[in-house]
Structure formats: structure tokens, C-alpha cells
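Engineer: Sharing a sequence plus its predicted fold:
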Amino acid sequence: MRWPAALLRLLDMGKQAERVVPPTGHTAWLTSFTAGAMTFLCVFALALSLASGRLADRWSDALARTATIRLSAPPDQMQLQTDAILLLLSTTPGIESAKALSDDEARALLEPWFGPDLPIEALPIPRLIEIIEADPGYDGAGLRQRLAAEAPGAVLDDHTRWRRPLAEAAGRLRLLGWLAIGLIGFTMAAMITLAANASLAANAQVVRVLRLIGARDSYIARAFVRRFTLRALSGSVVGAICGAIGVALLPSADAAGGFLTGLGFTGAGWLWPLVLPPLAAVVAFAATRRAAFQKLRELP
Amino acid sequence: MIAFENVAYNYGGGELLSEVSLRLAPGSFHFLTGPSGAGKTTFLKLAYADLLPTSGHVTLFDREVRSLSRDEIAHTRRRIGVVHQDVQFLDHMPLAANVQLPLTVAGKGGDLADLKDLLTWVGLGHLADAVPPSLSGGERQRAALARAIIMDPDVIIADEPTGNVDWEMSLRLLTLLVELNRMGKTIVVATHDLNLIRQAKAQVPARVLRIARRRIQLAGADL
């Protein structure tokens, strides 16, 4: 029997088979608890992975199309060179728009570090020119050469230096999240396998009786598989609900800002925890079925 | 139906059965006797494919047991009803469900009236809802017999079925086995109770197989 078909038949045929196994034993709560705890952890791993993914995408995409020119020049040359650079940029292919930041905008940028009363006019702060890239983009090397000729104090910063490691870090964090989900699934399968083996060993007499009266291995296995699958499913539902509540209780992004506050689900992402209980049931089904057939071959 | 051809069985500590060749004909009634540890239970286990011979061939319903898959062995056992001295049940299920279990396992519904008739026939009609741990030794043996025959098997194998019951109950069980034999079932009973064998031979043409020195011999008619 192929196991997708076996899974579908499980709810129907296994119901009768399940009655032959005594409904007691420590494996009952162990399976439910394991599935619940693992699903709870899985919800957080999922939230971490999705948040990292969003962050990586934002850092990769949103900032990829912007660049900044930092111009350092004597005060009397500043406006002249700024105009020259803006003129140069307006004739450069691949640039959608360019804008020099005003003193107020520069002050707003520096305010988090120096406070609101910064005498920006009195400080030798470079002028910033913000560039929005067109599609296709500009030739960075060519632009740098032209800037060197027109305004020697201008430096083109396309954000690559700091954006790339951040995007890579976020990408790896996302990968780690998925790896954690995989490990959680594997651990759950291992624990359910152990519980199923213990249950089969504890019910060796039941197995002997069933064999004596002509029960096939598939019938005996079904009795255990259905029970463990349903236990894992119910435990996982509780774990998913608790996990989702936990994620919902995390502070919102508006409250504090930063990475940690983005650790949650957004929009349709809230549907992800609903996927976990059926997945846990599939893992439990496969693990118990494999363990049951293996154990039945070992039992006398 | 069941045939042994030069069968030997080795438990690892030496040969328990050797050069066993016999054929149990349909509708026959055989007793299997011999001292304790002679290999009676081993012989019976070979006869319902619970053990495979070390050498030689055991044929069940024209199929060599080694050629049977695990599923085929399960199907073959549905044609052989087995009663053990230390009969085991599913203790959490009522007696009626235990007796009906072979039908349940085979995916057959069974008729509730037939089940009641069967329990009444073995004298347990009033205990249908009792759980096995509450039954006496004799009641357990009769329940085991009812479970063994509910699938209408061709062969009934009983291993010391009267070992734990008094003489009156032994005769009652024997009567049930004789009735089944008269219905055409092949019966094999392992016992060391010679009085029981004499009682049976007074009712049916039973043959006696004796295990001695690792071999099985067909005993004479007089006991």
C-alpha cells in the first residue's frame, strides 16, 4: 500500500483496528506533548524565518535602486559643485532622478545622533545627493570617473558595502529558520518513533493474539498508526494555537522599531501556523508506520 | 491439508524434532502425546506456521510454508483455529468482542445472532459482556475454542486445552471438539491425558501420534 493512499484509508479502516490496542500508557501523553511542544517551537522558527525573509528582501530590493553622492567642498564651492553634479547626473543614462538634500533634510538625518539643535550651517558637513536608479541602471565606474573630473570631492556610495552583508545575514537567518523547522520535524519523528516502539513492545501480547487469529501486519500497524497520528494532530493543534498567540503577543513594529519587532506574521502569513498540524500528522503517520512495520518484523 | 515431510526443528541447543513425516487428512481427529518437553508445542507451532522448520517441508493447504509471504501466512492462519493451554485475550475488550475478533481482523462483519449462538453453544452466552480477566480457566478455554472456530476453519489445533481445568470441564471441551470433528473439521489435540483420549476414542475414530526420541510415531489403537 502506498502511504498517501494509506493515509486516506487511515481514518476509515484504522478506527476499527485501533480498538484492539488498550487505550492507556505513557506514550499517549508523550506523543501529544511532543507534537504540541515541537509545533509551538516551529511556529516561532517559522516567524523568524519569514521575518528574516522580509528583511532580506527589503534590504536587497528597496536599497538596491538607490545611491548617494557625498560631496565635500569649500563652502564657497559647495553650491557650484552641487549644481555641476546634478547637471551631470541629469545627462547620465540609467538615473531616474537625483536630488540634493536640503539643510533641513540633513538635519533630520543627523538628529537621532546630535539632537534637534544642531547648527548644521556652522559644521563642515558634506552635502548629500540622493540618486534613484532607473532600469536598466547606470554605469557605476563611468559615473565615478565623470564625478572625479567635475567634482573631485564627490564620492559615489551605492550602499553595496553595507547592504550586501546585511542582506546575506538576513538570508542566512532565514535559512537557519528553515533548518530549525526541519530539525524540529526530524526530532518529532524520532520521538514519535521511540514512543511507537515502546507502545508496540508494551503491547506484545496484543500483537501475539492478533497474529494467532490471522491479522496481517498492515492491520496491526494501522491500529497503532491511527492512534499516534491523531495524538500528534491534536497535540500539534494545541501547540500551533499557543505558538500563534505567543507570536501575536510580541510587541508591534510601531512600538519600538527594529528587527525583533518585525518578528511575526503579516497578512496571509498568519495561515502558516494552520499548515503545521497536518504536517505534524503526516510526520507522525510516516514515523509510526515505519516503526510499526520494523518492530512487527522483529517481534516473535 | 497439513503435511510434514522429513521435518526437523532445531532450537539451537540441539535437535528437538527429526525426520517427521506425516499427513493429516481432512476430517481426521488426532491426539498428540509425549512427555513434557518432547516437542508437542513445537510440532503444533510448525503446523500453523508460527515456526519454520530447520529442514524438511511443511505444507499447509498445498502451499509450502517457506513460500508463503507474511500476509499469506496470516490468511492461512484464518483457516486454522488455535487453542492454547495459556490462552490469551485482549483483556480490555469484552468476551463477545474477543470471540468475534478473527472476523473483525478479516474485515468480515459477522452476524450478531450467530455470535450469540456460538457463545451459547460453548456455554458462555451469559458472559458475553464479561472481560477475560474475570473468567475462570474452563470459561477461558471454551471462549478460546469459540474464537478458534468463529471463522469456520478447516483445522482446529488445541495445545493442552484441558491442562488447567477439572475433569468435568475436560469432558465438556472434548464433547465440543468431537462435535466439531463430526461437522467435518480436522482436529489435532496435544495432551498427556490418556483418559481423555480413551473417552474420545469411544466417540470418534481418533488416532494417536506419539512423540518419542525426537520422532513422531503413529501409536496403536489400544491405549
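Structural biologist: Looks like it arrived, so ask away. Numbers count the residues shown, from 1 in each chain, chains lettered A, B, ... in the order given.

Engineer: C-alpha from now on. contacts and neighbour counts both.
Structural biologist: Fine.

Engineer: quick one, what contacts residue 99?
Structural biologist: With no chain named, the answer covers chain A. A:Lys99 is in contact with A:86, A:129-131, counting by Cα atoms under 8 Å, 6 or more residues apart in numbering or on different chains.

Engineer: if you could check chain B rather than the one you did, that'd help
Structural biologist: Shown in contact with B:Val99 (Cα under 8 Å, 6+ apart): B:143-144, B:146-148, B:150.

Engineer: Break down chain B into its helices, ranges please.
Structural biologist: Listed from the start of the chain, chain B has helices (DSSP state H) covering B:40-47, B:70-77, B:95-105, B:112-121, B:137-149, B:167-182, B:194-201.

Engineer: Switch these over to a markdown table; also include mean pLDDT.
Structural biologist: Converted to a markdown table, the helices of chain B look like this (pLDDT from 0 to 100):
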| stretch | mean pLDDT |
| --- | --- |
| helix B:40-47 | 93 |
| helix B:70-77 | 92 |
| helix B:95-105 | 92 |
| helix B:112-121 | 87 |
| helix B:137-149 | 90 |
| helix B:167-182 | 89 |
| helix B:194-201 | 89 |
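
Engineer: The residue of the stretch 101-250 of chain A found nearest chain B: which element?
Structural biologist: Scanning the stretch 101-250 of chain A for proximity to chain B using Cα to the nearest Cα identifies A:Gly214 as nearest, at 4.3 Å. Secondary-structure element containing A:Gly214, defined by DSSP states H and E: none, the residue being outside all helices and strands.

Engineer: Could you check how far the residue nearest to it when sequence neighbours are not counted is from B:Val105?
Structural biologist: Across the structure, with Cα to Cα, 6 or more residues apart in numbering or on different chains as the measure, the residue nearest A:Gly214 apart from its sequence neighbours is B:Ala74 (4.3 Å). As defined by Cα to Cα, to the nearest Å, B:Ala74 lies at a distance of 10 Å from B:Val105.

Engineer: what residues are shared contacts of these two?
Structural biologist: Overlap of the contact sets of B:Ala74 and B:Val105 (by Cα under 8 Å, 6+ apart) consists of A:213-215.

Engineer: returning to that earlier point: and the contacts of B:Val99 near chain A, which?
Structural biologist: Taking Cα under 8 Å from any Cα of the partner chain as the test, chain A is in contact with B:Ala148 out of the contacts of B:Val99.

Engineer: now, which of the contacts of B:Val99 sits nearest A:Val225?
Structural biologist: Of all the contacts of B:Val99, the one sitting nearest A:Val225 is B:Arg147; the distance, using Cα to Cα, is 25.9 Å.

Engineer: Verify the contact between the closest one and B:Gln100 for me.
Structural biologist: Yes - with contacts counted by Cα atoms under 8 Å, B:Arg147 reaches B:Gln100, the gap being 6.6 Å.

Engineer: When the two are compared, which one has more neighbours?
Structural biologist: Neighbours of B:Arg147 and B:Gln100, each counted by other Cα atoms under 10 Å in any protein chain shown, are more numerous for B:Arg147; the result is 28 against 21.

Engineer: contacting residues for the more buried one?
Structural biologist: B:81, B:98-102.

Engineer: so which of those comes closest to chain A?
Structural biologist: B:Pro102 (5.4 Å).

Engineer: For the residue lying closest to that closest one once chain neighbours are set aside, give its distance to B:Leu52.
Structural biologist: Leaving out its chain neighbours, the residue that sits closest to B:Pro102 by Cα to Cα, 6+ apart is A:Ile213, at 5.4 Å. Taking Cα to Cα as the measure, A:Ile213 and B:Leu52 are separated by 18 Å.

Engineer: Same drill for the two, tell me which one is more crowded.
Structural biologist: For A:Ile213 versus B:Leu52, neighbours defined as other Cα under 10 Å are more numerous around A:Ile213 (25 against 19).

Engineer: Next, work out how far apart that one and B:Thr76 are.
Structural biologist: For A:Ile213, the distance to B:Thr76 under the criterion Cα to Cα works out to 10 Å.

Engineer: my read: B:Pro205 touches B:Phe29, true?
Structural biologist: Yes - in this structure, B:Pro205 is within contact of B:Phe29 by Cα under 8 Å, at 7.0 Å.

Engineer: the more surrounded of these two?
Structural biologist: For B:Pro205 and B:Phe29, the more surrounded residue by other Cα under 10 Å is B:Phe29, and the numbers stand at 26 against 11.

Engineer: among the helices and strands of chain A, which one scores worst on average pLDDT?
Structural biologist: Using mean pLDDT, DSSP states H and E, the weakest-scoring helix or strand in chain A turns out to be helix A:253-256, at a mean of 45.

Engineer: Now do the contacts for A:Leu175.
Structural biologist: Contacts of A:Leu175 by Cα under 8 Å, 6+ apart are A:Ser49.

Engineer: Got phi/psi on it?
Structural biologist: phi -60, psi -40 (degrees, to the nearest 10).

Engineer: Need the pLDDT of the residue nearest to B:His192 when sequence neighbours are not counted.
Structural biologist: Nearest residue to B:His192, sequence neighbours excluded (Cα to Cα, 6+ apart): B:Thr33, at 5.4 Å. Confidence per residue is given as pLDDT, and for B:Thr33 that number is 92.

Engineer: Most neighbours among the contacts of A:Lys99, please name it.
Structural biologist: Highest neighbour count within the contacts of A:Lys99: A:Ile131, with 22 neighbours (other Cα under 10 Å).

Engineer: tell me the SS of it?
Structural biologist: Assigned by DSSP: H, G, I helix; E, B strand; the rest coil, the conformation of A:Ile131 is strand.

Engineer: thinking it is in contact with A:Ile95, fair?
Structural biologist: Yes - distance between A:Ile131 and A:Ile95: 7.1 Å, which falls inside the contact criterion (Cα under 8 Å).

Engineer: how far away is the residue of chain B at minimum distance from chain A from B:Lys185?
Structural biologist: In chain B, the residue that lies nearest chain A is B:Ala74 (4.3 Å; Cα to the nearest Cα). Using Cα to Cα, one obtains 20 Å as the distance from B:Ala74 to B:Lys185.

Engineer: what's the nearest residue to A:Ala154 once chain neighbours are set aside sitting at in phi/psi?
Structural biologist: On the basis of Cα to Cα, 6+ apart, the spatially nearest residue to A:Ala154 that is not a chain neighbour turns out to be A:Leu71, at 4.2 Å. Main-chain torsions, A:Leu71, degrees, to the nearest 10: phi -110, psi 120.

Engineer: ok, A:Leu71 touching A:Leu147?
Structural biologist: No - in this structure A:Leu71 lies outside contact range of A:Leu147 using Cα under 8 Å: 10.0 Å.
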